[in-house]
Structure formats: C-alpha cells, structure tokens
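*Asks:* Provide a 3D model corresponding to the input given below.
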Amino acid sequence: MGRTIWIMAGEESGDGYGARLAAELLRRSPGLRLRGMGGRAMAAAGVELLVDSSDLGVVGFVEVFRRLGFFLRLLRRMTARAARERPDAVVLIDYPGFNLRFARSLHGLGIAVVYYISPQVWAWKRGRRHRLAAWCRRLLCIFPFEPECFADTPLDVRFVGHPLVSILRDEAQAPVSRDPTLVLLLPGSRQCEVRRLLPVMVRTAAALKQKHPRLHFVVPLPRPSLATLAEDLLKRADLQALDLPIAVDTGRTRTWMRSAGAALAASGTVTMEAAILGLPLVSVYRLAWPTYVLARLCVRDIPYFTIVNLVAGRVVYQEFLQGMVRPDVLAPAVEAILPGGSRHAEVLRGMADTVAALGGGGDASGRAAAEVLDVVAAAEPAAAGGGVAGATGPRTGAPGAVESTPDGPGASASRGR
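*Replies:* Numbers count the residues shown, from 1 in each chain. Predicted structure coming up:
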C-alpha cells in the first residue's frame with residue numbers, strides 16, 4: 001500500500017502554497033496519495049479534498065468565537081478520521097487557530113506532523129513555540145528571521161524560503177508595461193475585510209481623482225462571491241454621483257498587479273506578491289474594535305504590521321491601521337508612490353531588497369517537499385517498530401543548513417496579518 005500524506009490549509013494563500021507543495025511531492029514520489037483540507041488550487045494539483053476550505057478564512061477573536069462550534073466539530077471529525085486512516089504524515093500550512101489544535105491531536109495519535117509556514121510567534125503568543133516543539137517533527141519557515149525565534153526549543157527548524165518568489169518568478173521577470181494612471185484597490189480576500197476596507201478605499205479614490213483626473217481604478221478580487229459583495233458596496237457608494245468609474249474584476253489579480261502604477265491594499269499576502277512583482281502600494285488594515293483591543297494586549301511590540309517592512313527592516317510600504325485608515329491620510333500616501341511621486345524610487349529599492357532577503361530565485365516548494373519526504377522516511381522505521389518517532393535530523397536555523405536539493409536552495413512566506 002502506498003504512502004499517504006495529508007495537507008491542511010485553511011485560507012486562500014495556504015491553498016496556493018499547498019498546491020505547489022503537492023505538485024513537488026508528486027514529482028518526487030509519484031505513488032503518493034495526497035488528501036486534506038484546501039481549495040481549488042490544491043484540488044487541481046492532485047489533492048483529494050476531505051474539507052473544502054474556501055470559506056474558512058476568518059480574522060480576529062470575535063469573528064472566530066462566532067464560529068467556534070463549527071471549528072470544534074471540524075477538529076473532532078478530522079481527528080477521528082486521522083485515527084482511522086493513519087496518514088504517514090500531516091503537513092499543516094499556517095492557519096494556527098485550527099492547525100495547532102490539530103497538531104496536538106495528531107501527536108497524541110503518533111502521527112508525524114510537519115508545520116509549513118510558522119505561526120507568527122515573533123508577533124504574539126510566543127508560548128506557542130514550545131507547543132510546536134512538543135507536537136511537531138519539523139517546522140519549515142519561510143522568513144529568514146524566524147528560526148531564531150525557536151532557538152530556545154529542541155524543535156527541528158528549517159528555513160526553506162518564500163514560495164511566492166518561485167511561484168511568481170516568471171511573471172516577475174517578464175517585461176512589464178505599467179499604466180501610470182491605473183491604481184488598484186485591493187481590499188483583501190475575506191468578506192469581513194472587503195466590508196471594512198472597500199468603502200474607505202473608494203472615498204480615497206475619489207479624493208485622488210479630484211487631484212489627478214486621469215487616474216482610474218480597478219478592484220481585483222479572487223472569487224465571484226467577493227466580486228458580488230464589492231459591486232453591492234460600490235452601488236451604495238453612488239459612484240455616479242462621485243463621477244468615479246471603478247471596475248471590479250475576478251481571478252486576475254496578479255495580471256492587474258503587473259500593469260498598475262500603484263495600489264492601496266489590505267495588509268496580507270498580497271503585499272508580498274506586490275513586492276515580488278514590483279508594484280508600489282500603501283498597506284492598510286482594520287479589525288473589529290473588540291478584536292483590536294484584545295490584539296493590542298496580546299501582540300508583542302513589533303515595529304511594523306506589514307510583512308514586507310519586517311523583512312526589509314524599514315518602511316518600504318507605508319502602513320496605516322484602524323483610525324488612520326481614512327481618505328485624508330491615505331490619498332497623500334498613495335500620491336507619493338505614483339510614478340514620479342516623492343517615494344516612488346525609494347519603494348522600488350525597498351521591494352528589491354525584500355525579494356533578495358527572501359531567497360532570490362530559489363525553489364521553496366521543492367525544498368519543503370524534500371523536507372516532508374525526509375520526515376516520512378525517518379518515521380517509517382519507528383512506525384514499523386510500533387513506536388513514535390521524535391524530531392529527525394539536527395536542529396538548525398540557518399538557511400544553508402539544509403542541503404540543496406537538485407532544484408537548489410529556495411525562499412517562501414505567509415500572510416502578514
């Protein structure tokens with residue numbers, strides 16, 4: 001009987017990373033059976049979906065609490081299934097609210113766990129690093145500063161790089177013809193984000209249009225359901241009265257990112273994509289106020305909330321949170337990054353430095369797949385003897401500590417929310 005690996009991703013970005021990982025696993029081991037939780041990308045890559053995660057993305061304490069019963073039932077159901085089916089390993093991709101609890105259940109069953117894309121312990125809940133060390137065989141990090149966060153634990157940590165660098169390599173290297181008058185409004189990939197951010201983005205666009213009449217705007221969204229929501233919000237904004245034509249498009253976000261002159265975006269994976277594709281933007285975010293207050297109590301004192309700035313160690317993308325997300329603040333910030341703007345050249349340099357720090361042109365997904373298969377191979381002797389294998393290989397945090405695969409060293413990243 002062939003080996004089975006589960007891949008568990010709960011959000012759109014994780015679905016994309018899971019799809020690339022699945023493709024690399026099958027390329028290296030064609031007889032593998034891949035199952036798990038994910039979306040369209042993972043299904044297309046050959047993963048048999050046990051759970052469709054398309055609508056599982058939620059942000060914040062309050063929002064999660066509202067769906068707590070659903071997630072607890074899902075956790076019990078997947079734990080029972082894992083106990084019956086006994087996969088050779090389970091790869092957990094980000095999504096710590098669910099995946100950390102699932103890691104504990106899997107560890108109790110003696111099933112090897114590989115965590116790909118670390119929970120952001122450098123930002124909040126540092127105690128989670130000890131739980132990861134207890135429950136996981138290996139942690140695959142996508143940011144170069146992350147391994148050091150686990151230096152005081154026995155966890156086997158590997159920096160594999162940011163998968164987006166290799167995912168977007170061809171697009172990033174292709175010739176680009178940007179429209180300096182096109183500004184993208186990128187309100188996020190969740191309904192709650194679109195509801196909170198798109199209206200203020202529209203008002204910001206109106207302010208920019210008054211000063212720069214040639215500007216035009218597009219709202220690219222990943223799914224038709226979000227496009228329907230956006231169109232409803234735009235109708236309420238009465239764009240005709242504002243003399244502000246805004247187009248909504250679905251499924252072509254990266255195409256638009258390669259043709260626009262600037263963007264206003266929800267902080268998250270899209271900011272990493274923009275840096276790799278060379279698109280200057282302004283980063284914003286809003287949480288429900290109860291969630292924000294709780295977050296302020298829990299989050300460590302980090303200098304930035306946008307992951308591009310954290311990787312670069314300086315402000316590449318100006319960022320605005322909560323009450324600062326308003327048109328009189330955002331419009332001048334976007335104006336400064338337009339072609340010819342006061343910050344345009346500075347942002348271009350910062351994006352290039354960020355991509356270099358993430359691993360340049362390596363293949364993160366290939367390195368991650370090699371690590372997963374290594375854990376599976378190491379676990380097999382223990383499983384044959386009836387034991388539970390411990391962490392495999394020497395613990396290391398250095399990017400070069402993992403021997404290069406035939407595909408070379410790589411790079412990778414997660415949503416900077």
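*Asks:* only C-alpha atoms from now on, for both contacts and neighbour counts.
*Replies:* OK.
*Asks:* domain ranges for this structure?
*Replies:* Using automatic domain parsing, the domain parsing of the chain gives 4-162+361-401, 173-357.
*Asks:* and the ones you listed, which one's lowest on average pLDDT?
*Replies:* The minimum mean pLDDT among the domains of the chain belongs to domain 4-162+361-401 (a mean of 85).
*Asks:* sorry, back to before: now mean neighbour count too, for the domains of the chain, in CSV please.
*Replies:* Output for the domains of the chain, formatted as CSV (neighbours: other C-alpha atoms under 10 Å):
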stretch, mean neighbour count
domain 4-162+361-401, 20
domain 173-357, 18
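*Asks:* quick check, pLDDT for Gly416.
*Replies:* The predicted local confidence for Gly416 is 45.
*Asks:* kindly report the same for Pro406.
*Replies:* So, for Pro406, pLDDT stands at 27.
*Asks:* how about the strands in the stretch 251-400 of the chain?
*Replies:* Assigned by DSSP state E, counting those that start in this stretch, the stretch 251-400 of the chain shows strands spanning 260-266, 281-285, 319-321.
*Asks:* is it true that Pro220 lies in a strand?
*Replies:* Yes - assessed by DSSP: H, G, I helix; E, B strand; the rest coil, Pro220 belongs to a strand.
*Asks:* wait, isn't it in contact with Ile246?
*Replies:* No - with contact defined as C-alpha atoms under 8 Å, Pro220 does not count as touching Ile246 (10.5 Å).
*Asks:* one step back: can you lay out the strands of the stretch 251-400 of the chain as a markdown table showing distance to Gly36?
*Replies:* Below are the strands of the stretch 251-400 of the chain laid out as a markdown table (distance: least, C-alpha to C-alpha, whole Å):
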| stretch | distance to Gly36 |
| --- | --- |
| strand 260-266 | 28 |
| strand 281-285 | 31 |
| strand 319-321 | 35 |
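*Asks:* kindly export stretch 129-136 (C-alpha atoms) in PDB.
*Replies:* The C-alpha trace of stretch 129-136 is given here as PDB (Å, rounded to 0.1, in the frame of the first residue of the first chain):
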ATOM      1  CA  ARG A 129       6.800  27.900  20.100                       C
ATOM      2  CA  HIS A 130       7.000  25.300  22.900                       C
ATOM      3  CA  ARG A 131       3.800  23.700  21.800                       C
ATOM      4  CA  LEU A 132       5.100  23.500  18.300                       C
ATOM      5  CA  ALA A 133       8.300  21.800  19.600                       C
ATOM      6  CA  ALA A 134       6.200  19.300  21.600                       C
ATOM      7  CA  TRP A 135       3.800  18.300  18.800                       C
ATOM      8  CA  CYS A 136       5.800  18.700  15.500                       C
END
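*Asks:* what's in contact with it?
*Replies:* Residues outside stretch 129-136 that contact it (C-alpha atoms under 8 Å, 6 or more residues apart in numbering): 100, 103-104, 106-107, 112-115, 121, 149-150, 153-156, 391.
*Asks:* repeat for stretch 279-291
*Replies:* Residues from elsewhere that reach stretch 279-291 (C-alpha under 8 Å, 6+ apart): 59-62, 193, 196-197, 257-258, 260-267, 271, 274, 306, 317-322, 325, 330, 333-334, 337-338, 344, 347-348.
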